[in-house]
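[1] Everything below, folded, please.
(chains A and B)
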Amino acid sequence: MAITVKVMERPVGEVSYVRATLKGLALTFKHMIDPHKVTVQYPEERWDISPRWRGTHRMLTTEDGTAKCVACGLCPTVCPANCIKLVPGEDEAGNRYPLVFEIDEFRCIFCGYCQEVCPEEAIHMGRHYENAEFNRERFVYDLERLTAQTHPVSELWDPADPRGE
Amino acid sequence: MPPLDPMQLPPSTWVFLIATVVKMLIVFTVYMVGVAYTTLAERKISAWIQDRHGPNRVGPWGLFQVLADGVKNIMKEETMPGEINKPIFILAPALAFVPALLAWAVIPFGAPLPTPWGKIDLVVADLPIGFLFTLAITSLGVYGIVLAGWASNNKYALLGGLRASAQMVSYEIAMGMSTVCVLLIAGNVSLNTIIVQQATMGWNVLVLSIAAFLFLVAAFAETNRVPFDLPEAESELIAGYHSEYSAMKFSMFPISEYANMLTASAMFVTLFFGGWDIPFTQWDNSGPATVLKALATVGMFSFKVGFFVFFYIWVRWTLPRFRYDQLMSLGWKFMLPVALAYIVIAAAAILGLDYAGLERGRTFGLAMFGINLVLLVVLFVILDRGRIISPASSRIERERLGRLRARAVQRAHLAPGEIR
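    Numbers count the residues shown, from 1 in each chain, chains lettered A, B, ... in the order given. Next comes the predicted model:
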């Protein structure tokens, strides 16, 4: 089967270099004097991020300041990137709590499964995007750091309201 | 006879020498600062055209960006590729830049300035062959580019250099031919005479409109600016002739590009937009010279040059690059014939008007303008419609298109339902 090439034909009577050039110049000039700019002047202006934005994690706490986590082990199980390290502990009353809870934010793929799976609504993704550090070790967030985060948490997708309205 | 005013007389030799040195220093400084700020203007205007802000972090409105760029370029590491021709590799950036600077020596930038030591012309060197000098010097600029491309020992760089030379040869002719008309009407190659002629007759852009158009297009090609930036062509040749350059040596090429832009704008202004002449008034070029007149004309000249530098930038961020064959056919099949034909027409018109006994003044200019108006309509409306001005529309091309289309139709008939 032969390849059929589409041949473009320009209407001879209407095609022109000079007038097309002038048209183009007029358009660019219009944009030049247009005060509307699309740039976000970053440190001063911030981008308005989605309520479902999934950034670095946050561990929510109870009223007395301890983590809500009961060390059930669901989040390390569901985590596809295997980035959550959890060592469970138990106190005299039989309450489970995490002895070690670490998230390697470099391994994390920010899928948000941990937040979805958590029965206690303890671990959350955060609506946050400025995470710069000076060395790699600082990207392993321990329990203390996770509870100390203050940025807003992201909302889960609601099937009843798929567009978030 | 009134007593001679020493301020209106030509200066003595010593004053002349000192004044020339001072003028050189001033022109050099202003020119270099102008070149530096043209780079900022390019970035700013390109940003505005693309709905961005442009550099605005260094200093108020980003005005010190130029200094930051300069410091950055000087501090950067310079790399020397292994197989280069070292002396020429080092010489080329300077060779690209110096001709642009030299051309400014003969461009008059203001009405004469009266001083207590005599009347000083506001031009570094008032050469009687001023125009020929600029034509000779600006065509030297391509050597820097060609040698840079050749010395780099890099295929892309070499291609860029070759393209630059081919382009320069093609458009130099059209440029020279378009300026012949200016020489015909001024009757002199001294740039000052050309300015005076324009002041009395009306600017050459009206008197010789088509020559002005051709010169403008050729000047774009000569300065290697978009749509004629084939030597750089980053989409095809990496960075063309300066692919192998780094740090300040690389920086010299953009600097020389902007320097060439300023020079070409100044030449265009001098030849076709009345130089330092202030329009709609005879105040600036009649009567004794005053300081105010000198300053006003320098301001006018700077404004005009600034406008055309802006125009260069504006065109750059509007038009795409020509294809190589389009570039060549525009140069040889459109620009050159039109320039030659225009010389004949302009010469005939000048001769005819002289025979008709018209004084070389406003009426003469108006008559020429009338002729040019007709020619402009013919060129841009009638010929443009038939795509004669379009470089991509040779007769052969059209025949080829016709054949292809016929074949496509035939195939479509043979195989119904096939996706065309």
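[2] what secondary structure does B:Asp121 sit in?
    What DSSP: H, G, I helix; E, B strand; the rest coil gives for B:Asp121 is strand.
[3] Around it, how many other residues sit close by?
    Counted with other Cβ atoms under 10 Å in any protein chain shown, residues neighbouring B:Asp121 total 22. In this view, the C-beta of every residue, glycine as well, is placed from N, C-alpha and C.
[4] That one: what's it in contact with?
    Neighbouring residues of B:Asp121 by Cβ atoms under 8 Å, 6 or more residues apart in numbering or on different chains: B:108, B:112-113, B:192.
[5] Over to B:Phe310?
    B:41, B:45.
[6] Can you tell me how far it is from B:Ile45?
    7 Å (Cβ to Cβ, to the nearest Å).
[7] sorry, back to before: could you single out the nearest of the contacts of B:Asp121 to chain A?
    B:Pro108 (29.7 Å; Cβ to the nearest Cβ).
[8] Now do the phi/psi pair for the residue lying closest to the closest one once chain neighbours are set aside.
    Among residues not flanking B:Pro108 along the chain, B:Val123 sits closest, at 4.0 Å (Cβ to Cβ, 6 or more residues apart in numbering or on different chains). When quoted as degrees, to the nearest 10, the phi and psi of B:Val123 stand at phi -160, psi 140.
[9] Can you tell me which residues in the stretch 51-200 of chain B are near chain A?
    B:51-53 (Cβ under 8 Å from any Cβ of the partner chain).
[10] Can you classify A:Thr56 by secondary structure?
    A:Thr56 - assigned by three-state DSSP - is strand.
[11] Name the strands paired with the strand ranked longest in chain A and say parallel or antiparallel.
    In chain A, taking DSSP state E as the definition, the longest strand is strand A:96-104. Strand A:96-104 has the following strand partners under DSSP bridges: strand A:84-90 (antiparallel), strand A:140-141 (antiparallel).
[12] That one: how far from the chain's middle?
    Between the centre of strand A:96-104 and the centre of its chain there are 23 Å (Cα atoms, centre = their mean, to the nearest Å).
[13] immediately after it, which helix or strand?
    As assigned by DSSP states H and E, the chain's next helix or strand after strand A:96-104 is helix A:113-117.
[14] Contacts for the helix or strand following that following helix, please.
    Next helix or strand after helix A:113-117 toward the C-terminus (DSSP H and E): strand A:123-126. When contacts are defined by Cβ under 8 Å, 6+ apart, strand A:123-126 is touched by residues A:53-60, A:69, A:75, A:110, A:112, A:114-115, A:118, A:146, A:149, A:151-154.
[15] hmm, 6 Å instead?
    The contact list for strand A:123-126 (Cβ atoms under 6 Å, 6 or more residues apart in numbering or on different chains) reads A:54-56, A:58-59, A:75, A:112, A:114-115, A:151, A:153-154.
[16] Just the buried ones out of the residues you listed, please.
    Neighbour counting over the contacts of strand A:123-126 (16 or more other Cβ atoms under 10 Å in any protein chain shown) leaves A:54-56, A:58-59, A:75, A:112, A:114-115, A:153-154 as the buried ones.
[17] Could you report the distance from B:Thr200 to B:Leu159?
    Taking Cβ to Cβ, one finds B:Thr200 at 48 Å from B:Leu159.
[18] In which helix or strand does residue 93 reside?
    All of this refers to chain A. Using DSSP H and E, A:Ala93 sits within no helix or strand.
[19] wrong chain, I was asking about chain B
    helix B:86-103.
[20] Alpha carbons of that helix, as PDB, please.
    Provided in PDB are the C-alpha atoms of helix B:86-103 (Å, rounded to 0.1, in the frame of the first residue of the first chain):
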ATOM      1  CA  LYS B  86      44.000  28.000  18.600                       C
ATOM      2  CA  PRO B  87      45.100  31.500  17.400                       C
ATOM      3  CA  ILE B  88      42.100  31.800  15.100                       C
ATOM      4  CA  PHE B  89      39.800  30.400  17.700                       C
ATOM      5  CA  ILE B  90      40.900  33.200  20.100                       C
ATOM      6  CA  LEU B  91      41.000  35.900  17.400                       C
ATOM      7  CA  ALA B  92      37.500  35.200  16.000                       C
ATOM      8  CA  PRO B  93      35.300  36.700  18.800                       C
ATOM      9  CA  ALA B  94      37.300  40.000  18.600                       C
ATOM     10  CA  LEU B  95      37.100  39.900  14.800                       C
ATOM     11  CA  ALA B  96      33.300  39.600  15.000                       C
ATOM     12  CA  PHE B  97      33.000  42.600  17.400                       C
ATOM     13  CA  VAL B  98      35.500  45.200  16.200                       C
ATOM     14  CA  PRO B  99      33.900  45.900  12.700                       C
ATOM     15  CA  ALA B 100      30.600  46.800  14.300                       C
ATOM     16  CA  LEU B 101      32.400  49.200  16.600                       C
ATOM     17  CA  LEU B 102      34.500  50.700  13.800                       C
ATOM     18  CA  ALA B 103      31.500  51.600  11.700                       C
END
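[21] Mind listing residues that contact that helix?
    Residues from elsewhere that reach helix B:86-103 (Cβ under 6 Å, 6+ apart): B:134, B:137-138, B:140-141, B:143-145, B:147-148, B:151, B:249, B:252, B:256, B:259-260, B:263.
[22] Those in helices, which ones?
    Among these, the residues falling in helices (DSSP state H) are B:134, B:137-138, B:140-141, B:143-145, B:147-148, B:151, B:249, B:252, B:256, B:259-260, B:263.
[23] out of the residues you listed, which are buried?
    Buried members of these, counted by 16+ other Cβ under 10 Å: B:134, B:137-138, B:141, B:143-145, B:147-148, B:151, B:249, B:252, B:256, B:259-260, B:263.
[24] show me where pLDDT drops low in chain B?
    B:1-9, B:284-285, B:287, B:382-398, B:411-420 (pLDDT under 70).
[25] most centrally placed residue in it?
    The C-alpha lying nearest the average C-alpha coordinate of chain B belongs to B:Ala264 (Cα atoms, centre = their mean; 2.6 Å).
[26] residue contacts, that one?
    With Cβ under 6 Å, 6+ apart, B:Ala264 has these contacts: B:219, B:223.
[27] how close does it sit to A:Ile49?
    Distance from B:Ala264 to A:Ile49, by Cβ to Cβ: 48 Å.
[28] again, but for B:Phe273
    Distance from B:Phe273 to A:Ile49, by Cβ to Cβ: 52 Å.
[29] ok so, going back, do I have it right that the residue nearest to B:Pro108 meets B:Ala105?
    No: B:Val123 sits out of contact with B:Ala105 when judged by Cβ atoms under 6 Å, with a separation of 8.1 Å.
[30] and these two? which has more neighbours close in?
    Legend: neighbour count by other Cβ under 10 Å for B:Val123 and B:Ala105, higher for B:Val123 (23 against 19).
[31] For chain A, see how far away the more buried one is.
    From B:Val123 over to chain A the distance is 33 Å, taken as Cβ to the nearest Cβ, to the nearest Å.
[32] same check, this time on B:Arg407
    Applying Cβ to the nearest Cβ to B:Arg407 and chain A gives a distance of 9 Å.
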